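Chemist: all I have is the shape, not the residue letters:
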């Protein structure tokens, strides 16, 4: 059973496939923010993320006849975005970079948020900034799963489809991501008062 | 008298359940059971509170804002993009559906094959034969493959007047063409080529999922 969005998507896709390229703009407007957000969080570089998001939409347009209308378009689009961004991370990892730049692109956990991502406010308040920094500190596979779950609000089956990993692996990634996030977001411990010091 | 054995300890809570509960991913019965158990287990209750707090905190980070000209940029790129693979069979601005492409390919193969065979057979010489005994030029070729003494092929018996007329008129028209029978072969080959090009688009495999 298709919900309202899926029915609208299917109608729009039929229009595009019938030769109306302008109709594709409706899909870009509907999903642009999600695609861009995912690209930005995987790549941790706003400039490259915008370029990747545009390419993701172009790739989806070129492959539109291969989209299975029985499945959600959003998942298909986010899967294209994820694959594209992961390919870019691999390319970036193989590109010679100045010492220290791009060191956060590997898949090891980093406790320091990416230096290249500016403190662009997404949500409101200090909580959002802390959460964003904590998410960005996760390794890519955990980060992508956590972003899709907590920021995009997708269920585990959708995350498995988008990231192209089995459901149990998604659960493991999320479990580890939660554990790391809980550590990163824990309130800083106040140091115990020194013995013998009085105000 | 021995003391009554105490009730066995309840099975441990699966490690993923508190997180799944906080995320609303547990089914209602399992969620209710977990909450009942937390009412008598302070450690579990503290864990559920921590998971719920983490869930709330993570939800505080919304989607990043979209750069303003993004939609316009993508649409401009789509407008300027070369024709997508599925856009190839556009005739006079009309994108043909799959069934129409299949029908067009079949029609082109039929017409191309027929014209080519008609052109290969010396049409002018065969015109009388065609008009007299065979419903279509292909029948002449097919008859030549029969063993000697086999008699007339069944399909050459009693050709309809309509078929004879069509064959004769094509043969006569072919002689009048600038290239004669050679022209027919060329037209037939061109149609076969067009059929192949159409069929290539028709038979392109469908795949699920996006390009990797």
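Modeler: That came through, no problem. What you see is a predicted model; the values in this text were computed from it and never measured.

Chemist: the helices in chain B, which residues?
Modeler: In order along the chain, chain B carries the following helices (DSSP state H): B:17-23, B:28-40, B:42-59, B:70-80, B:98-120, B:123-133, B:137-144, B:161-176, B:181-202.

Chemist: which of the ones you listed has the lowest average pLDDT?
Modeler: The stretch with the lowest average pLDDT out of these is helix B:137-144, scoring a mean of 49.

Chemist: shouldn't residue A:70 be within a helix?
Modeler: No - secondary structure assignment (DSSP: H, G, I helix; E, B strand; the rest coil) places residue A:70 in coil, not in a helix.

Chemist: check contacts around it.
Modeler: Residue A:70 makes contact with no residue, according to C-beta atoms under 8 Å, 6 or more residues apart in numbering or on different chains. C-beta coordinates here come from the backbone N, C-alpha and C atoms, glycine included.

Chemist: and it, what's its pLDDT?
Modeler: pLDDT recorded at residue A:70 is 86.

Chemist: for residue A:42, give me its contacts.
Modeler: A:49, A:81-82, A:85-86, A:89, A:140, A:143-144, A:147.

Chemist: dump those residues to TSV, plus pLDDT and secondary structure.
Modeler: Written out in TSV, the entries for the contacts of residue A:42 read as follows (pLDDT from 0 to 100; DSSP: H, G, I helix; E, B strand; the rest coil):
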residue	pLDDT	secondary structure
A:49	92	helix
A:81	95	helix
A:82	95	helix
A:85	95	helix
A:86	93	helix
A:89	92	helix
A:140	93	helix
A:143	93	helix
A:144	94	helix
A:147	91	helix
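
Chemist: ok, and the most crowded of those residues?
Modeler: When neighbours are counted by other C-beta atoms under 10 Å in any protein chain shown, residue A:81 leads these with 28 neighbours.

Chemist: so that residue makes contact with residue A:53?
Modeler: Yes - at 6.8 Å, residue A:81 and residue A:53 qualify as touching, with contact defined as C-beta atoms under 8 Å.

Chemist: any common contacting residues for these two?
Modeler: Overlap of the contact sets of residue A:81 and residue A:53 (by C-beta under 8 Å, 6+ apart) consists of A:35, A:39.

Chemist: just want the angle from the lowest-mean-pLDDT helix or strand in chain A to helix B:42-59.
Modeler: Ranked by mean pLDDT, DSSP states H and E, the weakest helix or strand in chain A is helix A:125-136, scoring a mean of 78. Our comparison of helix A:125-136 with helix B:42-59, counting by axes from the mean of the first three to the mean of the last three C-alpha atoms, to 10 degrees, yields an angle of 100 degrees.

Chemist: does chain B sit close to helix A:125-136?
Modeler: Yes - shown here: helix A:125-136 in contact with chain B (C-beta under 8 Å from any C-beta of the partner chain) through A:125, A:127-128, A:130-132, A:135.

Chemist: look up how far chain B lies from the residue nearest the centre of chain A.
Modeler: Centroid-nearest residue in chain A, with C-alpha atoms, centre = their mean: residue A:38, separated by 2.9 Å. Here the distance between residue A:38 and chain B works out to 9 Å (C-beta to the nearest C-beta, to the nearest Å).

Chemist: just confirm that residue is within a strand.
Modeler: No - in this structure, residue A:38 is helix, not part of a strand, as judged by three-state DSSP.

Chemist: who's in contact with it?
Modeler: Contacts for residue A:38 (C-beta under 8 Å, 6+ apart) come out as A:78, A:81-82, A:85, A:144, A:147-148, A:152.

Chemist: try 6 Å
Modeler: Counting by C-beta atoms under 6 Å, 6 or more residues apart in numbering or on different chains, residue A:38 touches A:78, A:81.

Chemist: and for residue B:45?
Modeler: With contact taken as C-beta under 6 Å, 6+ apart, residue B:45 is in contact with residue B:38.

Chemist: for chain A, which residues are neighbours of chain B?
Modeler: By the criterion of C-beta under 6 Å from any C-beta of the partner chain, the positions of chain A lying close to chain B are A:18-19, A:21, A:24-25, A:28-29, A:32-33, A:36-37, A:40, A:50, A:54, A:57-59, A:61-63, A:65-66, A:68, A:76, A:79-80, A:83, A:122-123, A:127-128, A:131-132, A:150-151, A:178, A:182, A:185.

Chemist: from those, keep the buried residues only.
Modeler: If you count burial by 16 or more other C-beta atoms under 10 Å in any protein chain shown, the buried members of these come out as A:24-25, A:28, A:32-33, A:36-37, A:40, A:50, A:54, A:57-59, A:61-63, A:65-66, A:76, A:79-80, A:83, A:122-123, A:127-128, A:131-132, A:150-151, A:178, A:182, A:185.

Chemist: which of the residues you listed fall in helices?
Modeler: Secondary structure from DSSP H places A:24-25, A:28, A:32-33, A:36-37, A:40, A:50, A:54, A:57-59, A:61-62, A:76, A:79-80, A:83, A:127-128, A:131-132, A:178, A:182, A:185 of these in helices.

Chemist: what about chain A, any weak spots by pLDDT?
Modeler: The model of chain A has pLDDT under 70 over residues A:1-4, A:97-126, A:188-199.

Chemist: at 90 what do you get?
Modeler: Using pLDDT under 90 as the threshold, the predicted model of chain A has low-confidence ranges A:1-11, A:14-22, A:65-66, A:68-71, A:91-135, A:149-156, A:168, A:171-172, A:174-199.

Chemist: domain parsing of it, as residue ranges.
Modeler: In the assignment given by automatic domain parsing, the structural domains of chain A cover A:1-94+A:111-118, A:120-187.

Chemist: can you add distance to residue B:81 and give those back as a markdown table?
Modeler: Below are those laid out as a markdown table (distance: least, C-beta to C-beta, whole Å):
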| stretch | distance to residue B:81 |
| --- | --- |
| domain A:1-94+A:111-118 | 6 |
| domain A:120-187 | 24 |
